[in-house]
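*Asks:* dropping the sequence and predicted coords here.
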Amino acid sequence: MRKKKVNRAKCPENFIYGTQKCRTCNFYFHSIHGRLLFLVLWFLPFSILHITAQQKNASYEQYIDRYSQIAIQEFETHRIPASITLAQALLESGAGQSLLAQKSNNHFGIKCHSGWNGDCVYKNAEKPNECFRKYARVEDSYADHSRFLTERSRYEPLFKLNKTDYSKWAKGLQTCGYATDHKYADKLISLIERYQLYRYDQMNGKNVIAVEEKSSFNKPYSHEIDNIYGLRYVLAGDGDSFGSIAVELGLKAQKIAKFNEAPTDFPLRKGTIIYLEKKKKKAAKPHLNHQVQAGESMYSISQHYGIRVKDLYKMNRKEKNFVPEKGDIIKLR
């Protein structure tokens with residue numbers, strides 16, 4: 001009996017994997033095409049999820065565009081990093097989508113507390129029927145947030161910190177008790193790094209980091225190239241940037257930034273490891289796992305062990321918006 005003529009135009013979704021026959025229309029397929037179709041159809045949903053996970057939230061970006069200038073103005077007036085202000089507003093208000101933000105213009109979740117003489121609204125939060133401040137404008141919420149931090153003694157340690165060190169500010173806010181969420185600092189740091197909010201840490205309308213980078217070219221540097229995990233690296237010093245390190249070592253700033261999976265204007269802190277070659281897919285032995293400490297992100301862990309951050313997510317089967325929690329065990333190889 002002669003086999004029916006191959007017709008690849010019909011019912012590819014109904015083929016039986018490992019056979020040549022479509023179970024619905026009875027047309028035969030070459031098994032190699034069947035296997036390829038199976039693989040494509042099987043992995044397509046996962047590919048879409050992976051791409052989606054890397055995309056930034058459009059509503060968050062719109063919020064940042066709309067209110068970043070207010071955060072910069074508050075920085076100039078009260079010396080609170082704009083990156084911290086924006087990250088707190090995004091987190092507390094859900095990018096302005098929370099009921100408290102929409103109905104009361106309260107973008108920082110600030111409760112009434114004693115001494116508040118303004119308007120208020122009541123809602124269930126950690127306790128039933130809690131009192132929250134209500135504002136006439138969003139700008140008033142930002143201004144009150146700044147006063148809330150500057151006028152309370154428990155937040156005084158924050159203002160001794162470097163104004164561009166968003167990581168210490170985030171940890172400091174959690175330590176000072178701004179929120180009860182034990183992942184609060186981690187969430188702020190994650191938002192700042194994901195949306196590059198550190199770019200808004202400005203002074204007099206000029207980017208602090210850009211000014212430091214420009215002036216740092218005239219400073220004497222003596223970065224000693226060392227080796228860790230089989231990778232060449234240097235340690236960032238005070239006022240360093242990818243640009244200043246590149247000038248000294250005769251490399252391109254964009255290339256160094258790419259090795260470290262960061263934009264060229266990413267703020268560097270003293271002691272930060274700066275890799276001079278592509279990081280590895282997994283950690284060197286004997287580093288098998290890492291227990292997360294407060295304030296650590298997937299990026300900071302990847303830098304510590306010289307692993308590409310995308311591979312760190314992959315081996316731990318985590319989405320790109322995953323925020324590690326203190327005590328979590330992260331697989332390194």
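*Replies:* Right, received. Where do you want to start?
*Asks:* what sits against residue 326?
*Replies:* Taking CB atoms under 8 Å, 6 or more residues apart in numbering as the definition of contact, the neighbours of residue 326 are 182, 183, 186, 292, 293, 294, 296. (C-beta placed from N, C-alpha, C; glycine too.)
*Asks:* now the stretch 151-300 of the chain, which segments are flagged as low pLDDT?
*Replies:* In the predicted model of the stretch 151-300 of the chain, residues 202-222 satisfy pLDDT under 70.
*Asks:* what about the helices in it?
*Replies:* For the stretch 151-300 of the chain, applying DSSP state H, counting those that start in this stretch gives helices covering 166-175, 184-194, 208-216, 242-249, 253-259, 298-305.
*Asks:* let's have those in CSV, adding mean neighbour count and distance to residue 143.
*Replies:* What follows is these, written out as CSV (neighbours: other CB atoms under 10 Å; distance: least, CB to CB, whole Å):
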stretch, mean neighbour count, distance to residue 143
helix 166-175, 22, 18
helix 184-194, 23, 20
helix 208-216, 17, 22
helix 242-249, 20, 35
helix 253-259, 17, 36
helix 298-305, 20, 32
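*Asks:* about what we covered before: and the contacts of residue 326 as JSON lines, adding distance to residue 285?
*Replies:* As requested, the contacts of residue 326 are exported to JSON lines (distance: CB to CB, whole Å):
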{"residue": "182", "distance to residue 285": "32"}
{"residue": "183", "distance to residue 285": "30"}
{"residue": "186", "distance to residue 285": "28"}
{"residue": "292", "distance to residue 285": "21"}
{"residue": "293", "distance to residue 285": "22"}
{"residue": "294", "distance to residue 285": "27"}
{"residue": "296", "distance to residue 285": "22"}
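*Asks:* among those residues, which ones are buried?
*Replies:* In those, burial by neighbour count holds for 186, 292, 294, 296, counting by 16 or more other CB atoms under 10 Å.
*Asks:* how about the strands of the stretch 201-333 of the chain, start to end?
*Replies:* In the stretch 201-333 of the chain, the segments counted as strands under DSSP state E, counting those that start in this stretch are 202-203, 206-207, 226-228, 231-235, 273-275, 289-291, 329-331.
*Asks:* still on that earlier bit, now render the helices of the stretch 151-300 of the chain as a markdown table, adding distance to residue 273.
*Replies:* Below are these laid out as a markdown table (distance: least, CB to CB, whole Å):
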| stretch | distance to residue 273 |
| --- | --- |
| helix 166-175 | 15 |
| helix 184-194 | 16 |
| helix 208-216 | 19 |
| helix 242-249 | 12 |
| helix 253-259 | 11 |
| helix 298-305 | 6 |
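*Asks:* which one of those helices lies closest to residue 66?
*Replies:* Set against residue 66 and scored by CB to CB, those come closest in helix 184-194, at 15.8 Å.
*Asks:* counting by contacts, list what the closest one packs against.
*Replies:* helix 82-93, helix 166-175 (3 or more CB pairs under 8 Å, 6 or more residues apart in numbering; DSSP states H and E).
*Asks:* mind putting these in JSON lines, distance to residue 301 included?
*Replies:* Formatted as JSON lines, the helices and strands packed on helix 184-194 follow (distance: least, CB to CB, whole Å):
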{"stretch": "helix 82-93", "distance to residue 301": "20"}
{"stretch": "helix 166-175", "distance to residue 301": "13"}
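*Asks:* so for residue 249, which of these sits nearest?
*Replies:* Closest to residue 249 of the helices and strands packed on helix 184-194, according to CB to CB: helix 166-175, at 25.4 Å.
*Asks:* what is the closest one packed up against?
*Replies:* Based on contacts counted as 3+ CB pairs under 8 Å, 6+ apart, the elements that helix 166-175 packs against are helix 82-93, helix 184-194.
*Asks:* those: which one's closest to residue 329?
*Replies:* Taking CB to CB as the criterion, helix 184-194 is the member of those that comes nearest to residue 329, at 15.2 Å.
*Asks:* what about that closest one, distance to the chain center?
*Replies:* For helix 184-194, the distance from its own C-alpha centre to the chain's C-alpha centre is 6 Å (CA atoms, centre = their mean, to the nearest Å).
*Asks:* same deal with stretch 72-85?
*Replies:* With CA atoms, centre = their mean as the basis, the mean position of stretch 72-85 lies at 20 Å from the chain mean.
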